[in-house]
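Dropping a prediction and its sequence here:
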Amino acid sequence: AQSVAQPEDQVNVAEGNPLTVKCTYSVSGNPYLFWYVQYPNRGLQFLLKYITGDNLVKGSYGFEAEFNKSQTSFHLKKPSALVSDSALYFCAVRASSGSARQLTFGSGTQLTVLP
Amino acid sequence: DTGVSQDPRHKITKRGQNVTFRCDPISEHNRLYWYRQTLGQGPEFLTYFQNEAQLEKSRLLSDRFSAERPKGSFSTLEIQRTEQGDSAMYLCASSLGGLGDTEAFFGQGTRLTVV
């Protein structure tokens, strides 16, 4: 079975400061890892993904994430937060092989960027 | 807009009634997924189609739930004899499977309220 943990329900950061949203995962074999963002009453928007290769992946809106296999983590980062980054962020995982193709999501982290 | 489209956006129904939701995926995507999201939680997988074949169903998908994708294009999710616990956001997503496996793109969801 695959699972994702987002240990922080809420992250607050001041505008202009760096932000980190944490994610750890469990999956059989090699993982495909994703970050999605959700604004109120909206669907999920794709931010970035790790499939293979460089452990640091860059995505939309200046976000990046670092894959750490030994720690089974995939933390989302941004060097300088904007008020408009305030939203609900979800980490997701699926196995890179096998028949299961569905994503397993974490419970989400509400990011609030304070002006 | 060529993204994933869901209809209706909102549905209020009385307990015991049947409801049906529609999802139109991105046109070239062969995989289609249904997820359910309740307040404060991440999306939970319900079912997955590759073309017209339903390949995976979650234990969450009780006998009252049925999904179809008759021609491998749009999909419908029907809930029979709705219960208050069915109140949630129902999200549809699509992806392109195969060697060029892509991330899943989500629609804006259908919010179901059972009264």
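Everything's here; your move.

Strands along chain A, start to end?
Along chain A, counting by DSSP state E, strands occupy A:3-5, A:10-14, A:19-21, A:24-26, A:31-38, A:44-50, A:56-58, A:64-68, A:73-78, A:87-95, A:104-105, A:109-114.

just for the chain, where's the confidence low?
Because you didn't say which chain, this covers chain A. A:98-100 (pLDDT under 70).

look at chain B instead
Low-confidence regions of chain B, defined by pLDDT under 70, span residues B:1, B:98-101.

re earlier: looking at the strands of chain A, spot the one closest to B:Arg81.
Shortest separation from B:Arg81 across the strands of chain A is recorded for strand A:104-105, at 27.6 Å, computed as C-beta to C-beta. (C-beta placed from N, C-alpha, C; glycine too.)

related to what we said a few turns ago, nearest to chain B among the strands of chain A would be which one?
The closest approach between chain B and any of the strands of chain A, judged by C-beta to the nearest C-beta, belongs to strand A:104-105 at 3.3 Å.

looking just at contacts, which helices and strands does that closest one meet?
strand A:3-5, strand A:87-95 (3 or more C-beta pairs under 8 Å, 6 or more residues apart in numbering or on different chains; DSSP states H and E).

Turn the strands of chain A into a markdown table, columns for distance to B:Val19 and mean neighbour count.
Converted to a markdown table, the strands of chain A look like this (distance: least, C-beta to C-beta, whole Å; neighbours: other C-beta atoms under 10 Å in any protein chain shown):
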| stretch | distance to B:Val19 | mean neighbour count |
| --- | --- | --- |
| strand A:3-5 | 30 | 16 |
| strand A:10-14 | 33 | 14 |
| strand A:19-21 | 35 | 20 |
| strand A:24-26 | 34 | 17 |
| strand A:31-38 | 23 | 24 |
| strand A:44-50 | 22 | 20 |
| strand A:56-58 | 39 | 13 |
| strand A:64-68 | 37 | 18 |
| strand A:73-78 | 35 | 20 |
| strand A:87-95 | 26 | 23 |
| strand A:104-105 | 24 | 22 |
| strand A:109-114 | 29 | 17 |
